[in-house]
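[1] the following comprises the amino acid sequence and a computationally predicted model.
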Amino acid sequence: MSRPRLPAKSRPAAPRRVAKAPPAQPRLLLLNKPFDVLTQFNDDQGRATLKDFVDLPGVYPAGRLDRDSEGLLLLTNDGRLQARIADPRHKLPKTYWVQVEGEPSDEQLQQLRSGVTLNDGPTLPAEARRLAEPELWPRNPPVRFRKSVPTAWLELVIREGRNRQVRRMTAAVGLPTLRLVRVAIGPWRLEGLQPGQWREVAARLE
């Protein structure tokens, strides 16, 4: 027998979630995450983490950046700002400089601009353009090239946050990613930061 349900008025009300108070001093850091560093502060396997570069307590990543990717990572102690930055619903543009294997054709660029179908569904249209080789720090370890295959640089702007999305998009159009550097998230840019360096900026998003 099924148990009788209480009338709606008699059921105990679900506890209301109390919004966490914002920190007394909101902070926002821009970090240039080096290659081969995990986007977390602890690792039981002894791999490099954010703790090796950021000694400020109480800040956490707003979004992620793969271990084998480099560039801009935002960290904050403000939960609401963290959610505002990281939540894909807000569609903050993220700008990447991508070194790919092969010479991009107009057709491949148009595929990226129109949206690419991945195994978890079609992507939103991206901004995609060819890019002259940017002046970047040397990667350690260096990118492994095939001498017989040319490489090129693209600038891609996406407004989603799927797992390894940029790499999967370029692979889907026949341009495997060799190096991936995020240079901007919304209004924040990487400029002036070497790998492992960070700076603090005003903790707000207009």
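    Here it is on my side, so go on.

[2] next helix or strand past the helix or strand bottoming out on mean pLDDT in the chain?
    The helix or strand of the chain with the poorest confidence is helix 79-86; it has a mean of 90 (mean pLDDT, DSSP states H and E). Going down the chain from helix 79-86, the next helix or strand is strand 94-101, by DSSP states H and E.

[3] after that next one, which helix or strand is next?
    Sequence-wise, the next helix or strand downstream of strand 94-101 (DSSP H and E) is helix 106-114.

[4] what's the angle from that following helix to strand 94-101?
    150 degrees (axes from the mean of the first three to the mean of the last three C-alpha atoms, to 10 degrees).

[5] give me the contacts around the helix or strand following helix 106-114.
    Next helix or strand after helix 106-114 toward the C-terminus (DSSP H and E): strand 117-118. For strand 117-118, contacts defined as C-beta atoms under 8 Å, 6 or more residues apart in numbering pick out T123, R162, Q165, R168, M169, A172. Every C-beta, even on glycine, is put in place using the N, C-alpha and C of the backbone.

[6] quick one: strand 117-118 to chain centroid distance?
    Distance of strand 117-118 from the chain centroid (C-alpha atoms, centre = their mean, to the nearest Å) equals 19 Å.

[7] with stretch 100-117 instead?
    Using C-alpha atoms, centre = their mean, the offset of stretch 100-117 from its chain centre is 21 Å.

[8] with stretch 132-147 instead?
    Centre-to-centre, stretch 132-147 and its host chain are 20 Å apart (C-alpha atoms, centre = their mean).

[9] can you give me the end-to-end span of it?
    19 Å (C-alpha to C-alpha, to the nearest Å).

[10] rounded mean pLDDT for that stretch, please.
    For stretch 132-147, the per-residue pLDDT values average out at 90.

[11] what's the answer for stretch 178-189, then?
    Taken as a whole, stretch 178-189 carries a mean pLDDT of 96.

[12] buried set for that stretch?
    Buried residues in stretch 178-189, counted by 16 or more other C-beta atoms under 10 Å: L178, R179, L180, V181, R182, V183, A184, I185, G186, W188.

[13] would you list the residues you listed in TSV and tack on distance to S148 and secondary structure?
    Below are the buried residues of stretch 178-189 laid out as TSV (distance: C-beta to C-beta, whole Å; DSSP: H, G, I helix; E, B strand; the rest coil):
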residue	distance to S148	secondary structure
L178	14	strand
R179	19	strand
L180	22	strand
V181	25	strand
R182	29	strand
V183	29	strand
A184	33	strand
I185	36	strand
G186	40	coil
W188	39	strand
